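**Student:** Quick one, fold the following:
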Amino acid sequence: MTVKSEVLKTLIENKGKSISGEEIADRLGVSRTSVWKAVKSLQESNYTIEAVTNKGYMMPADTDIISAEAVRSMTDCAIPVYYFESVTSTNEKAKELAGREERAVVIANEQTQGKGRLGRTFVSPAGSGLYMSIIVKPDFDISKSVLITTAASVAVVRALEKLYGLAPEIKWVNDIYLGSRKITGILTEAVMDFESGQIGSLIVGIGVNCFESDSPKAAADSYGFIGGSVSRAAIAAQIINEFIPVVDNIEDRSFIEDYRSHSMVIGKRILVYKAGMLGKPGAQPLHAEAEGIDEDGGLIIKHPDENGNTVTETITSGEVSIRLE
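**Tutor:** Here you go, the predicted structure:
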């Protein structure tokens, strides 16, 4: 990591507090001149850093940072990070990169055509959210790809708990809530390798509502956001730090218990909609009870069949959408 990146990481970790150039230099094992040059370079790159005589350098507590450099400075693994001011969709941009990157992250300040599950739109106005996609190359049975979405949900929950002490919950399979309001959506898509006819990469899209927005989605009753003094780069980096180790050990499934403990649907009455049913006049959902989460991330439900007998089945993310009754 460069001195500039190390200094940036130090200032981010101490947001709202002054830290002297001498202390930074001692921590990093470099000269005070190197620290001064790094700070000047960061300021020229539009990072807000205050320099106060006899106190040192400070990044204001309310600074929201989003850049590839800031994210990389806080990640625990060496993973390429690409940042764009505006894209149609980070998932689409990630698909373009998937041919040459086995593992990488795409982050944008804005999505003009953000994608949600089952063909929905994910409204993604500039400056209000974290929009990121992670490219991973599966080395497991693709029939278990729901595990990747499950792992991403756990990574987001763990990141928000560690960074801000929040208590988010997971609405199966891919939505994160604070209380009754949705703050995160996750969309996993596959990229085919046409030579082999197999899936070459999985693209995990994650959208986090960080700040209040005046976009149309903010008018929805279920819309929520983190608010307060948050750094989108810090959230992105922590999600990466939580997600990559789980992916590297996906078959041990140790994260499933964390997914279960954060579920907001287990033990609840739910409405199950088959794909394409939502919004269709006369569509009748299945009334069921959510019994649990299986070892592959599937939702175990119990419901009466056409003869009135109680049956138990497991549904996967590609089949249905659910709502709490």
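
**Student:** CA atoms for contacts and neighbours, from now on please.
**Tutor:** Noted.

**Student:** Pull the contacting residues for Ser5.
**Tutor:** By C-alpha atoms under 8 Å, 6 or more residues apart in numbering, the contact list for Ser5 reads 69-70, 73.

**Student:** Can you add distance to Lys171, pLDDT and secondary structure and give those back as a markdown table?
**Tutor:** Compiled in a markdown table, the contacts of Ser5 are given as follows (distance: C-alpha to C-alpha, whole Å; pLDDT from 0 to 100; DSSP: H, G, I helix; E, B strand; the rest coil):
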| residue | distance to Lys171 | pLDDT | secondary structure |
| --- | --- | --- | --- |
| Glu69 | 32 | 91 | helix |
| Ala70 | 30 | 92 | helix |
| Ser73 | 31 | 90 | helix |
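
**Student:** if I read this right, Ser222 contacts Ser180, doesn't it?
**Tutor:** Yes. Ser222 lies in contact with Ser180 (C-alpha atoms under 8 Å); the separation is 6.6 Å.

**Student:** Using the record, which stretches count as separate domains in this protein?
**Tutor:** 3-58, 68-261, 269-324 (automatic domain parsing).

**Student:** so which of these is the most packed in?
**Tutor:** Among those, domain 68-261 has the highest mean neighbour count (mean count of other C-alpha atoms under 10 Å), at a mean of 19.

**Student:** Pull up the distance across it, start to finish.
**Tutor:** Terminal residues of domain 68-261 are spaced 33 Å apart (C-alpha to C-alpha, to the nearest Å).

**Student:** quick one: low-confidence parts of the stretch 101-250 of the chain?
**Tutor:** Within the stretch 101-250 of the chain, the segments meeting pLDDT under 70 span 115-123, 140-144, 193-198, 215-221.

**Student:** ranges for the strands of it?
**Tutor:** With strands called from DSSP state E, counting those that start in this stretch, the stretch 101-250 of the chain shows them at 104-108, 129-136, 169-171, 175-178, 181-193, 198-209.

**Student:** export these to CSV and tack on distance to Ser145?
**Tutor:** Output for these, formatted as CSV (distance: least, C-alpha to C-alpha, whole Å):
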stretch, distance to Ser145
strand 104-108, 18
strand 129-136, 11
strand 169-171, 18
strand 175-178, 17
strand 181-193, 9
strand 198-209, 8
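
**Student:** Any idea which of those gets closest to Asp294?
**Tutor:** strand 169-171 (14.9 Å; C-alpha to C-alpha).

**Student:** Check which helices and strands the closest one sits against.
**Tutor:** Applying 3 or more C-alpha pairs under 8 Å, 6 or more residues apart in numbering; DSSP states H and E, we find strand 169-171 packed against helix 146-164, strand 175-178.

**Student:** Quick check, pLDDT for the residue nearest to Val3 when sequence neighbours are not counted.
**Tutor:** Closest residue in space to Val3, ignoring its immediate chain neighbours: Ala38 at 6.6 Å, by C-alpha to C-alpha, 6 or more residues apart in numbering. On the pLDDT scale, Ala38 is placed at 95.

**Student:** Confirm that Ala38 sits in a helix.
**Tutor:** Yes. Counting by DSSP: H, G, I helix; E, B strand; the rest coil, Ala38 is found in a helix.

**Student:** thought it was touching Glu6?
**Tutor:** No. When contacts are counted by C-alpha under 8 Å, Ala38 is not listed as touching Glu6 (9.0 Å).

**Student:** Distance to Ala237 for the helices and strands packed on strand 169-171 - can I get that in JSON lines?
**Tutor:** Formatted as JSON lines, the helices and strands packed on strand 169-171 follow (distance: least, C-alpha to C-alpha, whole Å):
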{"stretch": "helix 146-164", "distance to Ala237": "9"}
{"stretch": "strand 175-178", "distance to Ala237": "18"}
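
**Student:** Val247 is nearest to which of the ones you listed?
**Tutor:** Comparing the helices and strands packed on strand 169-171 by C-alpha to C-alpha, helix 146-164 comes nearest, at 7.2 Å.

**Student:** Can you name every helix or strand that the closest one contacts?
**Tutor:** Contacts defined by 3+ C-alpha pairs under 8 Å, 6+ apart place helix 146-164 against strand 169-171, strand 175-178, strand 181-193, strand 198-209, helix 232-248, helix 256-261.
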